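**Student:** Just the structure for this:
(one chain, ligands or ions: 2)
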Amino acid sequence: MTYSVKLAVVGDTGVGKSSVSERFARGTFTDYPETTIGAAFLTATSKRPTHKVKFNIWDTAGQERYRALVPMYYRHAHVLLIVYDITNRSSYDSAKRWQREVTGVMGDAPLYVLVGNKTDLSASRQVPEAEGRRLAEKHGAVFAEVSAKTNDGISRLLATIADAVPELDRNAVEASGVTLAQPVTGEGRSWTSCCY
Ligand code: GTP
Ligand code: MG
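**Tutor:** Ligands and ions are numbered 1, 2, ... in the order given. Reported below is the predicted structural model:
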């Protein structure tokens, strides 16, 4: 069974949204990436023992000037990644605001994932891991600390999200009759996209 899932990534500029997305999609890291303009689209796949997930990733721009565009990209997302930088307290405060904003628009339908990035810089940590974990628990979100730079926690996070997808699908079918499960056609494994 293959699922096609829309995953949106939000958070302040510089927290590493594009870096985490690049890790998911290509397994690589760029030291000096360009700030995202508007949004970027990437795909990633995760193979689990029981199913496979194709993630359609919308990596949004964190800069204030693009702020008004962001809801366009997270609308109808099945999975919402809210990213902060563990060395930057204000990015964590923003993550709380993102959680409030997105929940206001999307309700409890998507799977929320709170991600503290840059664990390789833990010597400059400003947000204790337990604090991030508590916030995630409060909102029923998955929590993970990762480093896009060193790859710490990245594949575990993608697998955790992929493992939660069949349950998300059951809820989506119940709510709207729409399934995220996609027929896989032919050798080329093309997915028809639906659902957003
Ligand atoms: P915007 O596109 O402006 O919203 O930023 P962004 O959230 O996409 O951040 P981006 O991925 O462009 O990364 C910002 C900076 O942080 C870059 O210099 C990255 O190389 C760096 N960076 C990203 N992830 C990590 C990490 O895990 N560790 C360290 N040390 N640096 C990181
Ligand atoms: Mg970016």
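
**Student:** Next up, the contacts around Ser147.
**Tutor:** Taking C-beta atoms under 8 Å, 6 or more residues apart in numbering, we find Ser147 in contact with Asn117, Lys118, Thr119, Asp120, Gly153, Ile154. The way it works is simple: take the backbone N, C-alpha and C, and place the C-beta from them, glycine included.

**Student:** if I look at the first one, how far off is Ile86?
**Tutor:** Just to be clear, that refers to Asn117. According to C-beta to C-beta, to the nearest Å, Asn117 and Ile86 sit 7 Å apart.

**Student:** between those two, what contacts are shared?
**Tutor:** Shared contacts of Asn117 and Ile86, defined by C-beta under 8 Å, 6+ apart, comprise Glu145.

**Student:** Can you tell me the SS state at the closest residue to ligand 1 within the chain?
**Tutor:** Closest residue of the chain to ligand 1, C-beta to the nearest ligand atom: Gly62 (2.7 Å). Put simply, Gly62 is coil when judged by DSSP: H, G, I helix; E, B strand; the rest coil.

**Student:** okay but Val105 is in contact with Arg75, surely?
**Tutor:** Yes: Val105 lies in contact with Arg75 (C-beta atoms under 8 Å); the separation is 7.2 Å.

**Student:** Checking my notes, Ala175 in a helix, right?
**Tutor:** Yes: counting by three-state DSSP, Ala175 falls inside a helix.

**Student:** Measure how buried it is and give me the count.
**Tutor:** Look at Ala175: counted by other C-beta atoms under 10 Å, it has 9 neighbours.

**Student:** and what of Gly107?
**Tutor:** Neighbour count of Gly107, defined by other C-beta under 10 Å: 8.

**Student:** Next, work out how far apart it and His139 are.
**Tutor:** When Gly107 is compared with His139 (using C-beta to C-beta), they lie 12 Å apart.
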